Structure formats: structure tokens, C-alpha cells
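[1] predicted model, plus sequence, below.
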Amino acid sequence: METTDILFRTHLNYQIEANSDEEQVRQVTRDEIENIDLHRCTFSDFKTFLAYIRDNYPDHYFSDAAIEAVKPTGFNENEKYDFVSLTDYAKHTAITIGNMTLFNELQKLASAIELSNINQYDFDPQPPVYEELGSCVVGGANIDAYKLTAYFHESSTKERPIVAVRSYSIGTKTYLLNPDIIDIHSIYKPNATLMEAFAYMCYEDYRQHRTSQSFDRLLISGDVDVESLEDMYSNHYDLRVYDRTN
């Protein structure tokens with residue numbers, strides 16, 4: 001299916017069911033998801049996989065409304081789709097129409113989908129050991145300030161570095177429920193979100209043993225404008241510029 005033929009439900013009045021008590025009929029078992037290929041599966045299989053992630057990984061919470069938003073025009077319950085590509089395209093559609101609330105929900109969904117590529121579902125049941133890569137503070141003044149902390153995700157490997165970013169509200173002294181999980185090698189460098197740029201720069205600082213933090217220097221330079229946490233998702237930066245100077 002060509003993405004040009006897809007009209008996502010992001011064009012509708014989308015209401016996020018934040019922190020809703022979604023009905024849980026039963027626990028999905030690991031055996032049920034082992035043969036699911038998210039690049040070619042039915043919507044029912046897609047939901048089954050996500051139900052397993054949501055039940056077993058508290059860091060990955062997303063609403064049922066976000067799952068429904070991925071359905072393409074002409075959706076057929078029995079047809080098999082590439083839900084990895086559909087989710088990615090839905091994120092870009094949400095940005096294009098300026099629906100950042102939906103984008104944030106779809107980002108959570110994409111983070112959960114990332115787990116489908118990790119060691120053939122060989123999930124680590126133990127809590128990850130966090131190795132901090134860097135941090136920064138965004139927002140402030142009349143806008144709630146957030147501390148962002150980057151660390152290696154539990155699925156990260158030397159060959160495939162994956163960075164998680166947790167957001168901490170300084171005003172309310174609470175962590176946001178879902179960390180952003182960013183595959184460093186999958187970032188589209190010419191148009192990276194600032195959240196992706198933050199993760200990438202923290203990883204590069206760690207890899208090259210830098211003592212100063214590159215993202216802080218970027219903020220101080222004035223080349224990007226960050227007044228709130230939302231700007232980390234809606235504003236973009238060309239990481240090729242960073243690569244040329246570092």
C-alpha cells in the first residue's frame with residue numbers, strides 16, 4: 001500500500017484517553033506474540049502484541065485511541081498491514097497537521113513497537129541498570145521546567161545503541177509515565193526532532209568521552225528555541241551540522 005493513499009484518522013477530532021482505565025479482558029501470554037511480524041500482520045495481531053507490552057512493561061503506556069489512529073483508510077480487519085511503517089507515517093502526519101497531543105501518544109506507541117525488533121522477543125524481565133549519558137533542563141519561568149535524562153535502554157547493544165530519555169517535572173516533582181526510546185541509527189538526521197538530537201548528542205558525548213554536554217552548547221548558541229517540553233517534539237535540528245563540527 002502506498003503511503004500517499006493513506007489518510008489517517010489524525011484528521012479527525014482526536015481525543016486522547018489519557019490515563020483512562022482501559023478494559024483488560026485477560027493477560028496475553030508470551031507464546032501468543034512470538035510469531036507476530038508487525039511488518040505484516042492483522043490489526044488483531046497488532047493489538048495482541050501491544051497488549052503484551054502494556055501488561056508487562058509499565059514504562060510503555062499508551063491509549064487504545066492511539067492504536068486506533070494508526071488504521072489506514074479502507075481498513076479491512078482481515079488484511080495484513082505493515083504497522084511499523086503505518087505508525088511512523090502517522091507520527092509524521094500528526095506533525096504535519098500540528099496535532100502534537102496525538103504525536104506524543106504515537107511516539108509512545110512507536111517506542112513499544114521498537115521492542116519487537118529486540119532479540120526475537122527475548123525480553124529482559126529484570127529492571128534495566130541505568131547508565132546516565134547526559135541531562136539538561138528545558139522550560140522554566142512561567143512554563144513548567146523539565147529535567148531530561150538520557151541513559152542506555154535495556155535493549156541497547158554496542159552494534160545498535162538505543163537511548164531512553166526520561167522527563168522529570170521540576171514543578172510537580174514527578175516523572176512522566178513513558179520515557180522516549182530512540183534508536184540512534186534510525187534517526188533521520190536532516191530533520192531530527194530536538195528530543196532525538198538530545199539523545200544523539202548525549203550518546204556521542206559518551207562515545208567520544210567528552211566532559212562538556214553538546215546539547216547544552218546548542219541551547220546556549222541560540223540556534224534552536226526551546227521554551228517548553230513540547231518544543232522538544234515540534235522543533236527540529238539538522239544533525240548533519242553537528243556531525244560536521246564534532
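    Nice, thanks for sending it over.
[2] residue contacts, His236?
    191-194 (CB atoms under 8 Å, 6 or more residues apart in numbering). Using the backbone N, CA and C atoms, a C-beta is placed for each residue, glycine as well.
[3] what's across from Tyr151 in the sheet?
    Beta-bridge partners of Tyr151, counted by DSSP bridges, are Glu132, Ala164.
[4] and the strands in this structure, which stretches?
    Here the chain has its strands, by DSSP state E, at 132-140, 143-152, 162-169, 174-175, 180-183, 192-193, 236-237.
[5] winner for burial among those strands?
    The highest mean neighbour count among the strands of the chain, using mean count of other CB atoms under 10 Å, belongs to strand 180-183: a mean of 24.
[6] direction included, what does that one pair against?
    For strand 180-183, using DSSP bridges, the partner strands are strand 162-169 (antiparallel).
[7] please tell me how far the strand it pairs with is from the chain's geometric centre.
    10 Å (CA atoms, centre = their mean, to the nearest Å).
[8] neighbouring contacts of that strand?
    114, 133, 144-153, 155-156, 174-176, 179-184, 195, 198-200, 202-203, 229.
[9] average pLDDT across it?
    For strand 162-169, mean pLDDT is 90.
[10] picking that back up, Arg207 is nearest to which of the strands of the chain?
    strand 132-140 (9.2 Å; CB to CB).
[11] got the CA coordinates for that closest one in PDB?
    Presented in PDB, the C-alpha positions along strand 132-140 are these (Å, rounded to 0.1, in the frame of the first residue of the first chain):
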ATOM      1  CA  GLU A 132      23.300   8.100  32.500                       C
ATOM      2  CA  LEU A 133      24.600   9.600  29.300                       C
ATOM      3  CA  GLY A 134      23.700  13.300  29.900                       C
ATOM      4  CA  SER A 135      21.000  15.600  31.100                       C
ATOM      5  CA  CYS A 136      19.500  19.100  30.500                       C
ATOM      6  CA  VAL A 137      16.700  21.300  31.700                       C
ATOM      7  CA  VAL A 138      14.200  22.800  29.300                       C
ATOM      8  CA  GLY A 139      11.400  25.300  30.000                       C
ATOM      9  CA  GLY A 140      11.200  27.500  33.100                       C
END
